[in-house]
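>>> from the sequence below, what's the structure:
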Amino acid sequence: MDYVIAVFVSVLMLGGSIFALTAAIGIVRLPDLYTRMHAASKTGTVGAGLIFLAIGVHSGDVATFVRAFAGIAFFVLTAPISAHLLARASHQVGYPLHEKTVQDDLQSYEEG
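Got it, this is the predicted structure:
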């Protein structure tokens with residue numbers, strides 16, 4: 001049974017690390033603030049959530065698992081909200097979108 005738990009924790013850690021790496025690559029490679037923010041908030045949240053889940057399962061302690069679950073809930077509740085507020089504030093001060101952006105939904109929302 002310990003082997004199964006170790007494999008499960010390893011898969012969770014590897015998955016979380018891949019998502020975190022994807023978020024880091026997205027921050028470096030994507031063209032503007034809005035797409036970078038999207039990469040950081042979405043994949044970063046999933047990566048951190050998987051790593052927290054791995055920590056909780058590996059500990060074998062209910063108190064540690066509850067704290068890890070609270071960390072997951074904190075990330076899920078705060079990362080999308082902060083990303084939205086950052087994008088909205090950037091749009092309001094006039095930070096430009098990438099030239100290949102097809103549609104500006106915030107502009108049509110603020111005008112209408």
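
>>> give the contact list for residue 27.
By CB atoms under 8 Å, 6 or more residues apart in numbering, the contact list for residue 27 reads 36, 39, 40. C-beta coordinates here come from the backbone N, C-alpha and C atoms, glycine included.

>>> would JSON lines of those residues with distance to residue 11 and neighbour count be doable?
Output for the contacts of residue 27, formatted as JSON lines (distance: CB to CB, whole Å; neighbours: other CB atoms under 10 Å):
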{"residue": "36", "distance to residue 11": "28", "neighbour count": "17"}
{"residue": "39", "distance to residue 11": "23", "neighbour count": "19"}
{"residue": "40", "distance to residue 11": "24", "neighbour count": "19"}
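
>>> kindly reformat the residues you listed as JSON lines containing pLDDT and distance to residue 58.
Listed next are the contacts of residue 27 as JSON lines, based on pLDDT from 0 to 100; distance: CB to CB, whole Å:
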{"residue": "36", "pLDDT": "88", "distance to residue 58": "32"}
{"residue": "39", "pLDDT": "87", "distance to residue 58": "27"}
{"residue": "40", "pLDDT": "87", "distance to residue 58": "26"}
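
>>> residue 104: which of those residues is nearest?
The shortest approach to residue 104 among the contacts of residue 27 belongs to residue 36, at 16.8 Å (CB to CB).

>>> now for the single longest helix found in the chain, which elements pack on it?
Ranked by residue count, the top helix of the chain under DSSP state H comes out as helix 62-92. The contact analysis (3 or more CB pairs under 8 Å, 6 or more residues apart in numbering; DSSP states H and E) places helix 62-92 against helix 33-59, helix 105-111.

>>> can you give me the buried ones in it?
By neighbour count on 16 or more other CB atoms under 10 Å, the buried set for helix 62-92 is 65, 68, 71, 72, 75, 79, 83, 86, 87, 90, 91.
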